[in-house]
Every structure is written in structure tokens, then in C-alpha cells.
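In: how would this look folded up:
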Amino acid sequence: MADEKRVFTPAGIDELIKGWLIHAHKSRDRHDEAARRYAKGQYALGIPSLVASTVVGSSVVSSLASNAVPPWWVAVLSLLAAVLAALQTFLDYGGRSDKHRGAAVRYKAAIRQLEQLRVRRADHEDIRREELDQVRASLDTLEDAAPVVMPSIYDRVEKKYKDMKYVEEALELYAT
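Out: Residues are numbered from 1 along each chain as shown. Reported below is the predicted structural model:
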């Protein structure tokens, strides 16, 4: 689904704002899910690394105190601890989680701004061209600065939004 491209050609300002709002919601959801996944990965690597390092350290200290040769499993556990620590550093799940969380927060701010424009339009207020240009520039900057979301998360969010209904559309379903 990530390779499928849809062309969006809004017929007016209302459709344009609605389209931007959908995009912002999707992007916020993608980055929020990515942040959560990387936070889990940080613990999945960090806890075993911490346990292995602690066991190795205490075993080595114990063997040094008794002048004994450490058992073979200490060497294996030491190697495992080093590999886990290296992976944790290389994959930087904590940093990646923070970047996605920051992007999600900035998309949420854009969502509030777009919702405010929709309310103003519903109240028949005019929206100046400069305001739309500012929102577009803000979304462009956010899109450029946001980290890339892995395809599995992208596809899951696309699937979730495929049959999305707006509140007013959902309310119309109840009215009939």
C-alpha cells in the first residue's frame, strides 16, 4: 500500500483544508506509533544488556576474588552483553523514539491549526491567502524535518484511514 499513490485535487478551500487535515492526522498517527515502537525496542535491548552486563561483572569480580578461572558461560555472557550494548548504541531506539514523538507533537499542533480554520470556514469567515500559505509552509517544513516512518507502520496507518468517516458524515449515518 505504501507504493500506491493517490492524487488529491481539491475543488476549493474547504476540501484543501480537509485534505491537509487528513494528511496531518495520518502523519501524527504514524509518528506516534513509530515513537512507541522504538521506545519498546529501547527496553527490549536495554534490559537484557543491563542484566547480562551485571551478571558478567559480578561473576568476574567473584572469580578474581577467589583466584578462580571464570566459567565458559561468563565469556559467552560477556560477548552477549557487548553485542547487545553495541546494538543499543547503533540502533539508537531512544533517540529515534524522541524524534518521532517530536514530529507527532508538531503534527498535532498543525491539526489544531487546521481544525481552527475549518471552524472559521463553518462560521462563514474568510480565510486569507497568507494564512493558507503559512499553513502549507508549516506542513512542508514539518514533512521535511520529520524522520522516515518504516513501511509496516505506514501501511498500517493507511489501512486504518482507508474507511475513515468524518464526524459530520458519521452523524448523518445516525440521522437516517
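In: contacting residues around stretch 93-102?
Out: 31-32, 34-39, 41-42, 45, 147, 149 (Cβ atoms under 8 Å, 6 or more residues apart in numbering). All C-beta atoms are positioned from the backbone trio N, CA, C, and that covers glycine.
In: I should have written stretch 27-34 there, sorry.
Out: 96-97, 100-101, 103-104, 107-108, 111, 142-143, 146-147, 149-150, 153-154, 156-157, 160-161.
In: what's the closest of the contacts of stretch 93-102 to Thr54?
Out: Thr54 has its nearest neighbour among the contacts of stretch 93-102 in Leu45, at 15.0 Å by Cβ to Cβ.
In: quick one: contacts for the closest one?
Out: Counting by Cβ under 8 Å, 6+ apart, Leu45 touches 84, 87-88, 91, 93.
In: mind putting these in a markdown table, distance to Ala24 and secondary structure included?
Out: Listed next are the contacts of Leu45 as a markdown table, based on distance: Cβ to Cβ, whole Å; DSSP: H, G, I helix; E, B strand; the rest coil:
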| residue | distance to Ala24 | secondary structure |
| --- | --- | --- |
| Leu84 | 37 | helix |
| Leu87 | 34 | helix |
| Gln88 | 32 | helix |
| Leu91 | 28 | helix |
| Tyr93 | 25 | helix |
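In: Now the buried members of these.
Out: Neighbour counting with 16 or more other Cβ atoms under 10 Å marks 84, 88, 93 as buried within the contacts of Leu45.
In: This structure: helices as residue ranges?
Out: 13-65, 72-91, 93-122, 129-145, 151-161, 167-175 (DSSP state H).
In: okay, the angle between the second one and helix 13-65?
Out: Note on geometry: by axes from the mean of the first three to the mean of the last three Cα atoms, to 10 degrees, helix 72-91 and helix 13-65 are set 150 degrees apart in direction.
In: contacts for helix 72-91?
Out: Contacts to helix 72-91, defined as Cβ under 8 Å, 6+ apart, come from residues 41-42, 45-46, 48-49, 52-53, 55-56, 59-60, 63.
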